[in-house]
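Engineer: Curious how this folds, go ahead:
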Amino acid sequence: MVVPARRSFLVGPVNFHGPCAPGRITVQVQAKITVPPSTVVSTWSRVRNNYWLMFSRVDGLLDDPTIPPKPRYIYHKTIPNFPTSRNWTSAIKDSQALKLVRCNNLEVSRISSKDSPQMHVAILQSSGITLRKLTVTAPGSSPNTDGIHIEQSQNVRVADSRIGTGDDCISVSSGSRFVAVNGIECGPGHGVSIGSLGKNGDTAAVEFVDVRNVRFTDTMNGVRIKTWEGGQGYAKSISFTNIEFDNVDHPVLIDQFYRDRSVQVGVAISNVTYSNLRGTSRATTVAFDCSGGGGCTDIHVNSMVITGPGARRTVARCRNAQVAISGQVYAEIPCRS
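Structural biologist: Purely as a prediction, here's the structure:
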């Protein structure tokens, strides 16, 4: 499927639904794709699904950068321009720009997504996914506009991309394993997050997540693990390596009290490694805020120096976490195993 260059195409909510007979499906987008204007009530009033473009049950999908000219996928719609009519605006405001569901061996590259009403790219129940050279932009004040959301998926790779949103640049949710994030520029936004996990007492499972070579600029958070009180399950075997922070509020976070401040034990967090973290922070450098009863164990911090602007002092806080320290670490972490 080819969308030719130097044009603008109007596309309403659509699902490209497989399975497909060929072993390799190529979508080449050279032009700009836009949603119907918000004034076209007839288009959005019938929307019952939370997506704009969706590929479901499609194996071997390729947005091929090798076919000249290089493909470009652009979602363009500004949140403040959505109408306020109650009978249909909620469908637009909850829409995700690009949704990939139950897809396998999929590669998407060199796409741009601008001002999605909610998540820009959502990957659900999929395997063997590669996203690279993406550009995602949204105002820092726009809520729930995660750049890339990964859930119930495995063997997912996100690389060499620039993401700026009003929420997480990348979020990894329950049911995900073997996720690799490499070479990301994040900002504005809420950082790269594992979670949130365990909402409403749910059982969560996230493991084998490797985040490396990421630069955060003017973000609220940097690398974060967040869980709800009362949840069950685990988040384990997670590493953050070669991370840079530039004017970040909270560079390193483990938060087991994401929305609740009770003392109930929640999702267990273990085998988390931080290696070679550098930069500047506007507030608390490290916050390991864990519940009692062994909520955070086997935490390793190896070589981390994060100062305030102008090399001013920063602080770290720690509660109920078992932390092993090696190399130069600043600010000093007050709890150690």
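Engineer: report the longest strand in the protein, please.
Structural biologist: Of all segments of type strand in the chain, defined using DSSP state E, the longest is strand 232-248.
Engineer: That one - contacts with which helices or strands?
Structural biologist: Strand 232-248 makes packing contacts with strand 192-197, strand 203-217, strand 221-227, strand 250-255, strand 268-281 when contacts are defined by 3 or more Cβ pairs under 8 Å, 6 or more residues apart in numbering; DSSP states H and E. Glycine gets a C-beta too; all of them are placed from N, C-alpha and C.
Engineer: Identify whichever of the ones you listed lies nearest to R6.
Structural biologist: strand 203-217 (32.9 Å; Cβ to Cβ).
Engineer: who does the closest one pair up with?
Structural biologist: Strand 203-217 has its sheet partners listed here by DSSP bridges as strand 176-186 (parallel), strand 232-248 (parallel).
Engineer: Quick one: low-confidence residue ranges for the stretch 201-337 of the chain.
Structural biologist: 259-265, 293-294, 337 (pLDDT under 70).
Engineer: now with 90?
Structural biologist: Along the stretch 201-337 of the chain, the model assigns pLDDT under 90 to residues 201, 228-231, 256-266, 283, 291-295, 309-314, 320, 334-337.
Engineer: Now do the contacts for V323.
Structural biologist: F288, I299, H300, V301, I333, C335, R336, S337 (Cβ atoms under 8 Å, 6 or more residues apart in numbering).
Engineer: which of the residues you listed sit farthest apart?
Structural biologist: The most widely separated members of these are H300 and C335, with 13.3 Å between them, by Cβ to Cβ.
Engineer: before we move on, the earlier item: can you put the strands paired with strand 203-217 in a markdown table and add mean neighbour count and distance to M1?
Structural biologist: Formatted as a markdown table, the strands paired with strand 203-217 follow (neighbours: other Cβ atoms under 10 Å; distance: least, Cβ to Cβ, whole Å):
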| stretch | mean neighbour count | distance to M1 |
| --- | --- | --- |
| strand 176-186 | 21 | 28 |
| strand 232-248 | 20 | 37 |
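Engineer: need those strands in CSV with distance to Q30, can you?
Structural biologist: Converted to CSV, the strands paired with strand 203-217 look like this (distance: least, Cβ to Cβ, whole Å):
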stretch, distance to Q30
strand 176-186, 24
strand 232-248, 34
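Engineer: Would you mind measuring from P19 to L124?
Structural biologist: To L124, P19 is 17 Å away according to Cβ to Cβ, to the nearest Å.
Engineer: more crowded one of the two?
Structural biologist: Per other Cβ atoms under 10 Å, whichever of P19 and L124 has more neighbours is L124, with 20 against 9.
Engineer: List the beta-bridge partners for that one.
Structural biologist: Following DSSP bridges, L124 is listed with bridge partners V101, E151.
Engineer: pLDDT value on it, please?
Structural biologist: Note for L124: predicted pLDDT of 97.
Engineer: just checking, it touches Q154?
Structural biologist: No. L124 lies out of contact with Q154 (Cβ atoms under 8 Å); the separation is 11.8 Å.
Engineer: okay, and the common contacts of those two?
Structural biologist: Counting by Cβ under 8 Å, 6+ apart, nothing touches both L124 and Q154.
Engineer: Specify the beta-bridge partners of the residue nearest the centre of the chain.
Structural biologist: In the chain, the residue lying closest to the centroid (Cα atoms, centre = their mean) is I170, at 1.6 Å. For I170, the beta-bridge partners are I148, V192 (DSSP bridges).
Engineer: which residues does it contact?
Structural biologist: Neighbouring residues of I170 by Cβ under 8 Å, 6+ apart: D146, G147, I148, H149, I150, V158, I163, V181, I184, C186, V192, S193.
Engineer: and F288, helix, strand or coil?
Structural biologist: Following DSSP: H, G, I helix; E, B strand; the rest coil, the label given to F288 is strand.
Engineer: what about it, neighbour count?
Structural biologist: F288: 27 surrounding residues under other Cβ under 10 Å.
Engineer: Apart from its chain neighbours, what residue comes closest to it?
Structural biologist: In this structure, F288 finds its nearest non-sequential neighbour in A321, 4.0 Å apart by Cβ to Cβ, 6 or more residues apart in numbering.
Engineer: one step back: for the contacts of I170, pick the one with the most neighbours.
Structural biologist: G147 (31 neighbours).
Engineer: so how far is M1 from the closest residue in space to V11 that isn't next to it in sequence?
Structural biologist: Among residues not flanking V11 along the chain, I33 sits closest, at 5.4 Å (Cβ to Cβ, 6+ apart). With distances taken as Cβ to Cβ, I33 is found 12 Å from M1.
Engineer: cool, V252 as well?
Structural biologist: Distance, V252 to M1, by Cβ to Cβ: 43 Å.
Engineer: Between these two, which is the more surrounded one?
Structural biologist: Neighbour comparison, V252 and M1: the larger count goes to V252, with 27 against 8 (by other Cβ under 10 Å).
Engineer: isn't the more buried one right next to S275, touching?
Structural biologist: No. Judged on Cβ under 8 Å, V252 makes no contact with S275 at a distance of 11.9 Å.
Engineer: any idea where the helices of the stretch 1-150 of the chain begin and end?
Structural biologist: Assigned by DSSP state H, counting those that start in this stretch, the stretch 1-150 of the chain shows helices spanning 41-44, 89-93.
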